[in-house]
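> pasting the sequence and the predicted model now:
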There are 2 protein chains.
Amino acid sequence: MKKIMLTGDRPTGKLHLGHYIGSLKNRINLQEECESIFIIADLHMLTTKNTKEDIIKSKENARQLVLDALACGINPEKVTFYLQSEIPEINEIYTLFQSLVSVSRLERVPSLKDMAKDANIEMPFALLGYPILQAADILCVKANVVPVGKDNLSHVEITREIAMKFNKKYEKIFPIPDAVISNECPNLPGIDGKTKMSKSAHNTIDLTDTKEELTKKVMKMPTDPNRIRPDIPGKVEGNLVFLYHDLFNDNKEEVNSLKERYQQGMVGDIEVKQKLIVALDKFLTPIRERYQKYNDNNYLDELIQGGTNIIRKKVQATLREMKEVMGFYS
Amino acid sequence: MKKIMLTGDRPTGKLHLGHYIGSLKNRINLQEECESIFIIADLHMLTTKNTKEDIIKSKENARQLVLDALACGINPEKVTFYLQSEIPEINEIYTLFQSLVSVSRLERVPSLKDMAKDANIEMPFALLGYPILQAADILCVKANVVPVGKDNLSHVEITREIAMKFNKKYEKIFPIPDAVISNECPNLPGIDGKTKMSKSAHNTIDLTDTKEELTKKVMKMPTDPNRIRPDIPGKVEGNLVFLYHDLFNDNKEEVNSLKERYQQGMVGDIEVKQKLIVALDKFLTPIRERYQKYNDNNYLDELIQGGTNIIRKKVQATLREMKEVMGFYS
């Protein structure tokens, strides 16, 4: 039997290259070997963003999230999308799991404190419960495989603990899911080279950037700061432009030759950057094409609604089974 | 318009006189002036008791809770009972409220720590969320009046804060409910006079005790320890037998006369106790009769199921209104 993979994101806005490298690429590879389910985690969004404006925007953001995923290569024939807030049974599963985790266990999850700090709020109860709600997301479809960034590894650990506790306390009905970490580049640096690529740092390359936009952005990227003339030998390690070449230029021969010449002081920054622009443009071309192809609200809404209907039936069955073994129907 | 009152208990077993005096009496008075809703809070039970055995027992305990309430004088024509776990929308409301309360606010609720200590468990996430789930119980039916024991006053305070925050953040849809404290005797001492009446302390007078059982129990009750002979003047204040006379003997003349004679050393403990036995027996007679009348599983199940169906419609309407003003349907 195929393994079940759960992936997904909070619908908080457009994706960029950092998301692609950090998680989507991993998911695209895994969609071939797993039954793939993709959660649009709008209830999780509420933990830090919950004004009426945020919630209204999240519907548009849900479409955007799916569109970006499809553009990157998530195959709508192979992946079932679902909108978390449209599956009320997840709330019930979440409530039932809450007895199985102690407050002190959750307080030892470092990412939650960071999230509260980033949002500049006192830790809300909802945010402390984030990993339990994630456990509900994962276990409600009995997923075995969860691709995550490093930040979320400790969350999947809590899912595993909940599954084990439930199985031991009542009956063995849940798989113990494995986290699959994308090691390639979990935190792609932004084009300023300062922090990881993020919308709030204004240092992104977006999936739909045109060649002109790419050119402007790449030309601003920092290189080896000690190399003030092209005939000075330059450093390749830690050089942002070469990091991007490694990740996005599929002409490995060209990359190796550029690296050699750079280290010998035999190539200018401009040429290295121009070749990166060409490579990124080539990389983004099929993404832009799929983006155009799938950019249709009716299509996206139907994809989300249809997927949600399918997943809801699975979740209802899981909840029924849970309540059965817990003794609710005895 | 009539005010809406929410009352209820966790289905943990048979009620006793302590429950009657501490909360039921208050509710019985209020049922005349309010639209009364009575929650059978089985999800709350999960916070400290959640083995399969506990959950299986809770169905029988739910019937017992309703039966005890009816026996005490809760009028099934005036009060709508509902079983919390059969209204899944409460879980959704609970999840949506979780963003509105901080962890540190909940950690300042003293009763929760006591509950964890009593159950000998590390504070589970579910228990820290107890007051938020109670807010969902109360606000899902838009209750204005919540009769509580002193222990639960701080919980209703959190409900009020949640209602105010929600109204301010989104739109004014919730009443700010008032707690009504039963001041008569929130913690009736048990027949050993040592601790408050509770099943675990084995010091209860049960609602269905026969006259023989009453006799045995009252005869064991401590009186004034310094009064070793009936002709020694005795103390009435702090005397358990007279506390019970005050609460349960409706012949106030008799009670006053007994008190006077006791203080003058002109009546024996035996006579005071015998009169208490008669008074308690008289007090319990209509309770026992109603207990017999309503003790029918089919009747009780139908009462619970019928009430739950009615309340579920109200809760669905509240949830829809909440999601509407939060922007989910925009």
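Cool, the structure landed.

> check which helices and strands the helix or strand hosting residue A:275 is in contact with.
Applying DSSP states H and E as the criterion places residue A:275 in helix A:269-294. Judged by 3 or more Cβ pairs under 8 Å, 6 or more residues apart in numbering or on different chains; DSSP states H and E, the packing partners of helix A:269-294 are helix A:52-72, helix A:211-219, helix A:240-248, helix A:252-263. C-betas here are computed from N, CA, C, even on glycine.

> and whatever helix or strand comes next after the longest one, anywhere near chain B?
On the C-terminal side of helix A:52-72, the nearest following helix or strand under DSSP H and E is strand A:79-83. No - with Cβ under 8 Å from any Cβ of the partner chain as the criterion, chain B is not reached by strand A:79-83; the gap is at least 10.6 Å.

> how distant is stretch A:245-254 from the center of its chain?
In terms of Cα atoms, centre = their mean, to the nearest Å, the gap separating the centre of stretch A:245-254 from the centre of its chain is 23 Å.

> could you do stretch A:156-171 as well?
Relative to its parent chain, stretch A:156-171 has a centroid offset of 24 Å by Cα atoms, centre = their mean.

> and that stretch, average pLDDT?
Stretch A:156-171 shows an average pLDDT of 98 in the prediction.

> what residues does it touch?
Identification of contacts with stretch A:156-171 by Cβ atoms under 8 Å, 6 or more residues apart in numbering or on different chains yields A:97, A:100-101, A:105-106, A:109, A:131-132, A:134-135, A:138-139, A:146, A:148, A:173-177, A:179, A:322, A:325-327, B:50-52.

> OK, contacts around residue A:213?
With the criterion set at Cβ under 8 Å, 6+ apart, residue A:213 makes contact with residue A:206.

> again, only using 7 Å
Residue A:213 sits next to no residue when contact means Cβ atoms under 7 Å, 6 or more residues apart in numbering or on different chains.

> repeat that for residue A:16.
A:197, A:204, A:205, A:206, A:207.

> name the nearest residue to the residue in the stretch 151-300 of chain A positioned nearest to chain B, sequence neighbours excluded.
In the stretch 151-300 of chain A, the residue that lies nearest chain B is residue A:170 (5.9 Å; Cβ to the nearest Cβ). In space, residue A:170 comes closest to residue A:325 once its chain neighbours are excluded; the distance is 4.4 Å by Cβ to Cβ, 6 or more residues apart in numbering or on different chains.

> just the element for the one you found, please.
Assigned by DSSP H and E, residue A:325 belongs to helix A:297-326.

> what residues of that helix count as buried?
A:299-300, A:303-304, A:307-308, A:311-312, A:314-315, A:318-319, A:322-323, A:325-326 (16 or more other Cβ atoms under 10 Å in any protein chain shown).

> report the angle between that helix and helix A:269-294.
Interaxial angle, helix A:297-326 versus helix A:269-294 (axes from the mean of the first three to the mean of the last three Cα atoms, to 10 degrees): 80 degrees.

> show me what helix A:297-326 is packed up against.
helix A:52-72, strand A:79-83, helix A:89-97 (3 or more Cβ pairs under 7 Å, 6 or more residues apart in numbering or on different chains; DSSP states H and E).

> helices or strands next to the second one in the packing?
Read it as strand A:79-83. Short answer (3+ Cβ pairs under 7 Å, 6+ apart): strand A:79-83 packs on strand A:34-40, helix A:297-326.

> make it 10 Å
Packing partners of strand A:79-83 (3 or more Cβ pairs under 10 Å, 6 or more residues apart in numbering or on different chains; DSSP states H and E): strand A:3-9, strand A:34-40, helix A:52-72, helix A:297-326.

> what of the last one?
Contacts defined by 3+ Cβ pairs under 10 Å, 6+ apart place helix A:89-97 against helix A:42-45, helix A:130-139, helix A:153-169, helix A:297-326, helix B:42-45, helix B:89-97, helix B:125-128.
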